[in-house]
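> Show me how the following folds:
(2 chains)
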Amino acid sequence: MEKKLYITTAIPYVNGTPHIGHALDYLLADIWTRYQKQNGREVRFQVGTDEHGNKIAAKAAEAGIEPKLYADKMYVNFEVLMQKINASYTDFVRTTDEHHIGAVQYIWQKLQPYLYRGTYEGWYCIGCEAFVTDKEATDNNGVCPDHNQPYQRLSEDNYYFKTSAFTDRIREAIETGTMQIVPEFRKKEFLELIKDGLQDVSVSRPRKNLSWGIPVPGDPDQVMYVWLDALANYITVLGYPDRADWQEYWPADVQVIGKDILRFHAGIWPAMLLGLELDLPKKLLVHGFINVGGVKQSKTLGNGVNPTDVIDNYGLDAFRYFFARHIPTLDDGDFTWEKFETAYNTELGNDLGNAIQRIAGMLTRYQAGVIGQAPQGEHDMGTYHESMEKLEFNKALDEVWLMVRSLNQYIENVKPWEIAKLVGKDAEAEAHLSEVLAYAVGALLQIGDLLVPFLPATAARIHQTFESGVVVPSEGVLFPKIYLHTPDPHAPKA
RNA sequence: CGCGGGGUGGAGCAGUCUGGUCAGCUCGGAUGGCUCAUAACCAUCAGGUCGUAGGUUCAAAUCCUACCCCCGCAACCA
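The predicted structure is shown next:
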């Protein structure tokens, strides 16, 4: 019996609205999940939200409501996005879930041997009631921009987690591939980073400085800081420690994360797992960022792209297509509306949509829609599957489009419309025509199969149209031309 | 000498580990063909000293050395 599969995504902090980066997490995990399911595997797919911390408490206070109530309102934004992307997740965890809280407290106690009291010292802003990083303090020249007050050097008591104790084992796991980091250059980057060992992290705060969080068991004055709380979600959502079936899924097969949080997921998180005597995840998929026209998205620039805008105007599959193929799975990518629309019109519309249309059209016109027995597509799918295994989804899609092109070339070569003219004159024409079109359908169905993980609706439509042996007509064309951001070549001249 | 990634035709990229079969792919542009199709499709062309300068070799985008430039990261902003 093969192990049941498990894939996770990073849980976003609900203080804020979802953006394209979150969407990418869900999309990549969903593609993988659908691919594995298509191959008969059972997959559990986690998503969730991170809901504790001062920023949430502050926002809630601003709105005059309880933090939990605020989180209740905010987490829905993310749930809506996941559903909009049609992410086929099986589990949704909120760090304010009762089970999660209980499990994290259990984890805290189990990690006792690696926890010790310490003093955290850093730059603190009275106005923010929070520490800032040394870098932030330096960048702002020692003055908080929000409150226009100088930072103060303060120290506070808290608990530390001895991640340093696990440096060697973690390094070895990464080097030997027990815990694989893809792409390779991220692995190198991280190994370099921990050359001098992992540094212990502070995992709690005095209650007076952090009210909204999970209480530290046995110490009423301390509240847990983000690390143990948030990272633990990957196992608590499975039911760890009390619900038995978590063991069927852990260790995770793939954990999808952005490049910015690699260090926590490759350092602190494995240390936690080792402390709990659990296996490390098999693979960390580290994706990059999405720039817009070469510029980093930021709130201050206001150049962020809203996934909803894309989906609402072009359809979900168009969204999934672009971000799966034109954003390299394992590296930074670039989005512009022009690029997006060009890919939509040319690749989805001209190449694929049109191929489906012309084949369906010929079948209907020449053979009253009867397909007969479509042969198995015979394209070699080695490269496709290889790319899927290597988590290079963009390359897998490249391979599919190679097939779409060669299908169009095939049609052009055999010219079914000319064979059709011979029907009635040439004794073999009818059989030949039917054979040619059936072959085309076979290729199309194979393409449909390969698109299942990426474009579920499109794949379904291909199958629905051709699978039964008779063309089932559907309303409208797939991927009709849209010119919102690029000039319409056929528009009458102004 | 902090670490990492990268500089290939107008744009975006592949190829570099395992030197020759590499100068390739997509978009955009030009010309032609075709008419089944979403004015789609197919073919051909457009010529880029593969960042710069040396070196190794019968042979380098691919290996070595130096240099220039761009972009990330440098502990909590996907």
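
> Nearest residue to A:E51 in space, please, no chain neighbours.
Distances taken as CB to CB, 6 or more residues apart in numbering put A:A71 closest to A:E51, at 4.1 Å, once the chain neighbours are dropped. All C-beta spots, glycine's among them, are computed from the backbone N, C-alpha and C.

> what about that neighbour, which helix or strand?
helix A:67-84 (DSSP states H and E).

> Tell me which residues of that helix come out buried.
A:P67, A:Y70, A:A71, A:M74, A:Y75, A:F78, A:E79, A:L81, A:M82, A:K84 (16 or more other CB atoms under 10 Å).

> list the contacts for the residue nearest to A:E51?
Residues near A:A71 by CB atoms under 8 Å, 6 or more residues apart in numbering: A:V14, A:T49, A:E51, A:I56, A:A60, A:R94, A:T96.

> now the residues you listed in JSON lines, with neighbour count and pLDDT?
Shown next, in JSON lines, are these (neighbours: other CB atoms under 10 Å; pLDDT from 0 to 100):
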{"residue": "A:V14", "neighbour count": "27", "pLDDT": "90"}
{"residue": "A:T49", "neighbour count": "23", "pLDDT": "94"}
{"residue": "A:E51", "neighbour count": "27", "pLDDT": "94"}
{"residue": "A:I56", "neighbour count": "22", "pLDDT": "89"}
{"residue": "A:A60", "neighbour count": "20", "pLDDT": "91"}
{"residue": "A:R94", "neighbour count": "23", "pLDDT": "95"}
{"residue": "A:T96", "neighbour count": "22", "pLDDT": "95"}
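
> Let's see which of these end up in helices.
In helices, judged by DSSP state H, the following of those are found: A:I56, A:A60.

> How much space separates A:L28 from RNA strand B?
Applying CB to the nearest atom of the strand, to the nearest Å, the value for A:L28 to RNA strand B is 11 Å.

> Oh, that last question was meant for A:V43, not what I typed.
The gap separating A:V43 from RNA strand B is 21 Å, by CB to the nearest atom of the strand.

> For that residue, which non-adjacent residue is closest in space?
Take A:V43 and drop its neighbours on the chain: the residue closest to it by CB to CB, 6+ apart is A:L5, 4.4 Å away.

> swap in A:V203?
A:F161 (4.6 Å).

> can you pull the pLDDT of the most far-flung residue of chain A relative to its centre?
Relative to the centre of chain A, the most outlying C-alpha is that of A:K425, 56.6 Å out, by CA atoms, centre = their mean. pLDDT for A:K425: 89.

> where does it fall, phi/psi-wise?
When read as degrees, to the nearest 10, the backbone of A:K425 gives phi -100, psi -40.

> Show me what stretch A:286-302 is in contact with.
A:19-21, A:24-25, A:28, A:181-183, A:186, A:256-260, A:262, A:303-305, A:323, A:327-336.

> mind running it again at 6 Å?
With CB atoms under 6 Å, 6 or more residues apart in numbering as the test, stretch A:286-302 has contacts from A:20, A:186, A:257, A:259, A:262, A:303-305, A:327, A:331-336.

> of those residues, list those near RNA strand B.
Counting by CB under 7 Å from any atom of the strand, A:I20, A:I257, A:K259, A:D334 from those sit close to RNA strand B.

> number of nearby residues for the last one?
Yep, that's A:D334 we're talking about. 15 (other CB atoms under 10 Å).

> Which residue comes closest to it once chain neighbours are left out?
A:N291 (4.9 Å).

> tell me the SS of that neighbour?
Taken by DSSP: H, G, I helix; E, B strand; the rest coil, the conformation at A:N291 corresponds to strand.

> ok, so what distance separates it from A:V310?
Per CB to CB, to the nearest Å, A:N291 is found 16 Å from A:V310.

> quick one, which of these two is more surrounded?
Neighbours per residue, other CB under 10 Å: of A:N291 and A:V310, the larger number sits with A:V310, 22 against 16.

> Run the angle between the helix or strand hosting the more buried one and helix A:67-84 for me.
Applying DSSP H and E as the criterion places A:V310 in helix A:307-314. For helix A:307-314 against helix A:67-84, the angle by axes from the mean of the first three to the mean of the last three CA atoms, to 10 degrees is 30 degrees.

> Can you name the element that comes right after helix A:307-314?
Next along from helix A:307-314, by DSSP H and E: helix A:316-325.

> mean confidence for whichever helix or strand comes after that following helix?
Downstream of helix A:316-325, the first helix or strand assigned by DSSP H and E is strand A:333-335. The average pLDDT for strand A:333-335 rounds to 86.

> Over to stretch A:375-392 now: how far is its first residue from its last?
Stretch A:375-392 has an end-to-end distance of 29 Å (CA to CA, to the nearest Å).

> quick one: average confidence on it?
Averaging pLDDT along stretch A:375-392 gives 84.

> Next one: that stretch, is it in contact with RNA strand B?
No - Stretch A:375-392 lies out of reach of RNA strand B by CB under 7 Å from any atom of the strand, never closer than 9.7 Å.

> For that stretch, buried residues please.
Going by 16+ other CB under 10 Å, stretch A:375-392 has these buried residues: A:G377, A:H379, A:M381, A:Y384, A:S387, A:M388, A:L391, A:E392.

> Considering these, which is situated nearest to RNA strand B?
Using CB to the nearest atom of the strand, A:E392 comes nearest to RNA strand B of the buried residues of stretch A:375-392, at 9.7 Å.

> Provide the secondary structure category for the residue in chain A that RNA strand B sits nearest to.
Per CB to the nearest atom of the strand, the residue of chain A with the smallest distance to RNA strand B is A:G353, at 1.3 Å. Three-state assignment for A:G353 (three-state DSSP): helix.

> What residues does the stretch 151-300 of chain A have near RNA strand B?
Residues of the stretch 151-300 of chain A lying near RNA strand B (CB under 7 Å from any atom of the strand): A:185, A:188-189, A:192-194, A:198-199, A:201-202, A:225-226, A:257-261, A:263, A:267, A:289-291, A:296-297.

> Show me just the buried residues among those.
Buried subset of these (neighbour count, 16+ other CB under 10 Å): A:189, A:194, A:198, A:201-202, A:225-226, A:257-259, A:267, A:289-291, A:297.

> in these, which two residues are the furthest apart from each other?
Spatially, the most separated pair among those is A:S202 and A:N291, at 33.0 Å (CB to CB).

> right, is the helix holding A:V310 up against RNA strand B?
No - applying CB under 7 Å from any atom of the strand, one finds helix A:307-314 separated from RNA strand B by no less than 11.0 Å.

> Quick check: mean pLDDT of that helix?
Mean pLDDT, helix A:307-314: 92.

> Just the residues contacting it, thanks.
Residues outside helix A:307-314 that contact it (CB under 6 Å, 6+ apart): A:I20, A:A23, A:K84, A:F319, A:Y344.

> can you pick the most crowded of those residues?
A:Y344 (28 neighbours).
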